[in-house]
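Trainee: next input, structure requested:
(one chain, ligands or ions: 1)
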Amino acid sequence: MSWSMLLSLSNPLSPALHRSLTLKPTNYSVAPTACLNVDVRAPDSLLHETRSAEIIADEKKFIVGTYARAPVVLSSGKGCKLYDVEGREYLDLTSGIAVNALGHGDPDWVRAVTLQADVLTHVSNIYYTVPQVELAKRLVAGSFADRVFFCNSGAEANEAAIKFSRKFQRSSRPDEKDPPMEFISFTNSFHGRTMGALALTSKEHYRSPFEPVMPGVTFLEYGNTQSAVQLIQSGKIAAVFVEPIQGEGGIYSATKEFLQSLRTACDNAGCLLVYDEVQCGLGRTGYLWAHEAYGVYPDIMTLAKPLAGGLPIGAVLVTEKVAAAINFGDHGSTFAGNPLVCNAGIAVLDKISNPTFLASVSEKGQYFKDLLAKKLGQNSHVREIRGFGLIIGIELDVSASPLVDACRESGLLVLTAGKGNVVRIVPPLVISKEELAQAAEILVSCFPVLDQGTKN
Ligand SMILES: Cc1ncc(COP(=O)(O)O)c(C=O)c1O
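Mentor: Sure, this is the predicted structure:
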């Protein structure tokens, strides 16, 4: 390894230097240091082009190629704006895939993180800490649940829910030789990429290279009440995993009737109902929990993405009857629920659970959906605009990728979903109506790019 490479690895830019470089792309107030790994005498424009291209080239060289990334190197953010290393500004309607609910650099979140980091970051779950217990208390107070298990991601939350479901079945049927150990999942579902969560994820393309995954999962049509009820009645099912609103799958919402039928069938069969609210939970729909829109409650709910405002966290919320089946040593994690992430989680939850905040999410979501319907409703490529709150999908008759690329080049970040033909919009929940109007304008102006594409 060369010295310049070593320097660049061991001496990353300080945030302050980074900001001064990114926000003043043509006028350095601070001379670049050796860690930039570029020729400091190069003209500014060339310097920046080189820097971005170099980082992308190094990523391709040093990082395992699991991500098809967009060619943007992001370096700072504030509110709903992101900035790349060349100083270009982007309006962020992705929130780090539905994570940064409070936007970037929310002052209360920053205070919670920096104060806690200064005092205590991590001690493991061998000891008690105040922020973990406080966050759990708040989650219980604001939900159907009696207890919380913390972990580090959405996939981990679902892994824990799988284990808890099986343990619940074993301990609630001590005399049965073969208690129900199987699971139901649905078409277009996404529950994560670890072996258990992957087994519950519908896209075959994600599962097949890694088979055998956890056996005993049956995929049924999302929304098809009859087939689900029939299988639940078989007595083989430990738990049904369902997203009240499917995110990755293409922004499909359940109906009240579907969830209610699952609830009733699960109750009759002694089977657990698990809601995966990793993407749709925590205020995104304008309700604190997406299932509140339906008034049908689960036995277990998994959370992750926005809970700590960008720090890695997962949580499994359970009723007392489920918690009663779990004993010391049944599950655990070294990092989970450490004081730093939990203090961040408290700042996020306190803000999002405020009824005025939630009402603003509903109102902005409706405003944006109406705006999109007005501007795009007649567009020949638009099949449907769906979702509610600030989780919105625009289904197209063609691949959404050219549109997403054109938007990015025009300073707007959006995601795809479903089979790649859905534009997924999951902005920070703090986004303003003005920003939404600006986003709609850019989106609409980029639509002509679809006329160069091919039909699905
Ligand atoms: C509904 C749902 N569940 C689980 C996951 C997996 O979460 P993670 O990527 O944090 O493991 C995701 C991620 O997109 C998700 O949308």
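Trainee: tell me if I'm right that I346 and A136 touch.
Mentor: No: taking C-beta atoms under 8 Å as the definition, I346 is not a contact partner of A136, at 10.2 Å. Where you see a C-beta, it was placed from the backbone N, CA and C, and this is true even at glycine.
Trainee: more neighbours: those two, which one.
Mentor: When neighbours are counted by other C-beta atoms under 10 Å, I346 and A136 differ, and I346 comes out ahead with 23 against 20.
Trainee: which residues are in contact with the more buried one?
Mentor: Neighbouring residues of I346 by C-beta atoms under 8 Å, 6 or more residues apart in numbering: A112, P131, E134, L135, R138.
Trainee: go again using 6 Å as the cut-off
Mentor: Going by C-beta atoms under 6 Å, 6 or more residues apart in numbering, I346 touches E134, L135.
Trainee: that one should be in a helix, yeah?
Mentor: Yes: counting by DSSP: H, G, I helix; E, B strand; the rest coil, I346 falls inside a helix.
Trainee: count of residues packed around the closest residue to I391 other than its chain neighbours?
Mentor: Nearest residue to I391, sequence neighbours excluded (C-beta to C-beta, 6 or more residues apart in numbering): R284, at 5.0 Å. A count of nearby residues for R284, using other C-beta under 10 Å, gives 30.
Trainee: per-residue pLDDT, R284?
Mentor: According to the prediction, R284 has pLDDT 98.
Trainee: how much space separates G247 from G154?
Mentor: Here the criterion is C-beta to C-beta, to the nearest Å. By it, G247 lies 10 Å from G154.
Trainee: flag the shaky bits of the stretch 351-456 of the chain, pLDDT-wise.
Mentor: Counting by pLDDT under 70, the stretch 351-456 of the chain contains low-confidence ranges at 453-456.
Trainee: what sits up against the helix or strand Y83 falls within?
Mentor: Using DSSP states H and E, the element containing Y83 is strand 81-84. Strand 81-84 is contacted from outside by T22, V72, V73, L74, S76, E89, Y90, D92, using C-beta under 6 Å, 6+ apart.
Trainee: hmm, 7 Å instead?
Mentor: 22-23, 52, 72-77, 89-92, 104, 413 (C-beta atoms under 7 Å, 6 or more residues apart in numbering).
Trainee: report the mean per-residue pLDDT for whichever helix or strand comes after it.
Mentor: Downstream of strand 81-84, the next assigned helix or strand under DSSP H and E is strand 89-92. In this model, strand 89-92 has an average pLDDT of 98.
Trainee: got a list of contacts for strand 89-92?
Mentor: 77, 80-83, 411-413, 427-428, 435, 438-439.
Trainee: what are the pairing partners of it, and which direction each?
Mentor: Within its sheet, and counting by DSSP bridges, strand 89-92 is paired with strand 81-84 (antiparallel), strand 412-413 (parallel).
Trainee: what pLDDT does the residue of the stretch 51-200 of the chain found nearest the ligand get?
Mentor: Ranking the residues of the stretch 51-200 of the chain by distance to the ligand (C-beta to the nearest ligand atom) places G154 first, at 2.2 Å. G154 carries a pLDDT score of 98 in this model.
Trainee: surely it and A304 touch.
Mentor: Yes: contact criterion C-beta atoms under 7 Å: G154 and A304 qualify, at 3.7 Å.
Trainee: which residues do these two both contact?
Mentor: V278, G314.
Trainee: thinking again about what came up before, am I right that the residue nearest to I391 is in a helix?
Mentor: No: R284: not assigned to a helix; according to three-state DSSP it is coil.
Trainee: list the residues that contact it.
Mentor: Applying C-beta under 7 Å, 6+ apart to R284 gives the contacts A98, G389, L390, I391, V426, L429.
Trainee: now the two most distant members of the residues you listed.
Mentor: Taking C-beta to C-beta as the measure, the contacts of R284 span a maximum distance of 11.2 Å, between A98 and G389.
Trainee: counting by contacts, list what the longest helix seen in the chain packs against.
Mentor: Ranked by residue count, the top helix of the chain under DSSP state H comes out as helix 355-376. Applying 3 or more C-beta pairs under 7 Å, 6 or more residues apart in numbering; DSSP states H and E, one finds that helix 355-376 makes contact with strand 382-388, strand 391-396, helix 433-446.
Trainee: mind checking which of those is nearest the ligand?
Mentor: strand 391-396 (10.4 Å).
Trainee: what sits up against the following helix or strand past the closest one?
Mentor: Where DSSP H and E defines the elements, the next helix or strand beyond strand 391-396 is helix 401-409. Helix 401-409 is contacted from outside by 70, 72, 414, 416, 420, 423, 442-443, 446-447, 449-450, 452-453, using C-beta under 7 Å, 6+ apart.
Trainee: ditto for stretch 185-205
Mentor: Stretch 185-205 is touched from outside by 154-156, 158-159, 162, 183, 206-207, 210, 213-214, 217, 219-222, 241-243, 246-250, 252, 276, with contacts defined as C-beta under 7 Å, 6+ apart.
Trainee: give the buried subset of those residues as a PyMOL selection command.
Mentor: In PyMOL, this line selects whichever of the contacts of stretch 185-205 come out buried by 16 or more other C-beta atoms under 10 Å:
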select buried, resi 154+155+156+158+159+162+183+207+213+217+219+220+222+241+242+243+246+247+248+249+250+252+276
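Trainee: just the ones in strands from the contacts of stretch 185-205, please.
Mentor: Those of the contacts of stretch 185-205 mapping onto strands are F183, V217, F219, L220, F241, V242, Q246, Y252, D276, per DSSP state E.
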